[in-house]
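[1] what shape does this take:
(one chain, ligands or ions: 1)
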Amino acid sequence: MDESELAPAVRSILDAARARTHDGERLSVEPRSLTDAFAAAEADGRVPLIAEVKPTSPTTDGTREVDPVAAAEAMVAGGAAALSVLTEPAHFGGSTETLERVREAVDVPVLRKDFVVREEQLDAVEADVVLLIARFVDDLDGLLAAARDRGFQVLVETHTRQEVARALAAGADVVGVNNRDLGKLEVDLETFESVAPEVPDSVTTVAESGISTRDDVRRMRAAGADALLVGSAVMDDTPDAIRENTRDLT
Ligand SMILES: O=P(O)(O)OC[C@@H](O)[C@@H](O)c1c[nH]c2ccccc12
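    Prediction:
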């Protein structure tokens, strides 16, 4: 990995992630199926959406004060097929406790959004899906296998064609393409359009970041997205607003 090209905020996130240790028991999870949840949404005429409980981020001003569980329930009420919960504490206002509370409160699959770089970090909290960011994981095969051994489904996040090739070689069956460049922190929806054609039809593709309007949704779907991951555009200050934002995009 060429780390010289990372934005300072990302550099700091990665340093914190590497320093985080966990010495709990090895988990064994019984996951709610992500692909079944996407299929159920499609069958119901909704765009499969992973809505993200995202209190703040390095590219957002301020922190949303809405209760994360109320936010999560509003996303499901608005038609989200699955949820994503940030568990990164230092830069995104996330926590493993929040994820536990959200997963207890809803029936849909819940993705753990964090910067997992070592096997033991997988045991910090139960979730249905874990994110592995190709750019930050050197031994993708090993960490993917370790996650699956625990029962997790895995969303492998990519940003370039080379990373898609690595994800596929490692056996990923759900591949995300992040429209946000972690070097500059800029979003360009063209990223998904140029990278997604590398992913075979048998693999589920998720368009991530920067999707904020129905036109963006249509654009990502036209480019082959099986599902979308949306945070900022659904987050709001009240559960009612979050429900309506979610409904609008699904
Ligand atoms: O708020 P947005 O632009 O809708 O983005 C959501 C999600 O894609 C973004 O939060 C994200 C994508 N990959 C990540 C990795 C870690 C933390 C966060 C992310």
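
[2] which residue does this structure have closest to the ligand?
    Distances between the chain and the ligand by C-beta to the nearest ligand atom are smallest at residue 231, namely 3.0 Å. In this view, the C-beta of every residue, glycine as well, is placed from N, C-alpha and C.

[3] count of residues packed around that residue?
    By the measure other C-beta atoms under 10 Å, the count of residues near residue 231 is 23.

[4] go on, the one 5 residues further on?
    Look at residue 236: counted by other C-beta under 10 Å, it has 18 neighbours.

[5] so what's it closest to, chain neighbours aside?
    Closest residue in space to residue 236, ignoring its immediate chain neighbours: residue 242 at 4.9 Å, by C-beta to C-beta, 6 or more residues apart in numbering.

[6] name the element that neighbour belongs to?
    Assignment of secondary structure by DSSP states H and E places residue 242 within helix 239-249.

[7] ok, back up a step: surely the residue nearest to residue 236 meets residue 234?
    Yes. If you go by C-beta atoms under 8 Å, residue 242 and residue 234 touch, sitting 5.9 Å apart.

[8] quick one: common contacting residues for the two?
    Listed as contacting both residue 242 and residue 234 by C-beta atoms under 8 Å, 6 or more residues apart in numbering are 75, 78.

[9] just the pLDDT at the closest residue to residue 248 other than its chain neighbours, thanks.
    What sits nearest to residue 248 in space, not counting adjacent residues and going by C-beta to C-beta, 6+ apart, is residue 214, at 6.7 Å. At residue 214, the pLDDT value in this model is 98.

[10] ok, residue 198 next?
    Confidence score, pLDDT, at residue 198: 95.

[11] count of neighbours near it?
    Neighbours of residue 198 (other C-beta under 10 Å): 19.

[12] can you pull the contacts of it?
    By C-beta under 8 Å, 6+ apart, residue 198 lies in contact with 161, 164-165.

[13] from those, which ones fall inside helices?
    Of the contacts of residue 198, the ones assigned to helices by DSSP state H are 161, 164-165.

[14] now the residues you listed in JSON lines, with pLDDT?
    What follows is the ones in helices among the contacts of residue 198, written out as JSON lines (pLDDT from 0 to 100):
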{"residue": "161", "pLDDT": "97"}
{"residue": "164", "pLDDT": "98"}
{"residue": "165", "pLDDT": "98"}
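
[15] out of those, who's the most crowded?
    Most crowded among those, counting by other C-beta under 10 Å, is residue 164 at 24 neighbours.

[16] ignoring the adjacent residues along the chain, who's closest to residue 184?
    Excluding its sequence neighbours, the residue lying closest to residue 184 (C-beta to C-beta, 6+ apart) is residue 7, at 6.2 Å.

[17] quick one: the strands in this structure?
    Taking DSSP state E, the strands of the chain run over residues 49-53, 82-86, 110-113, 129-133, 153-158, 174-178, 204-208, 227-230.

[18] which elements pack onto the second one?
    Based on contacts counted as 3 or more C-beta pairs under 8 Å, 6 or more residues apart in numbering; DSSP states H and E, the elements that strand 82-86 packs against are helix 34-43, strand 49-53, helix 68-77, helix 96-105, strand 110-113.
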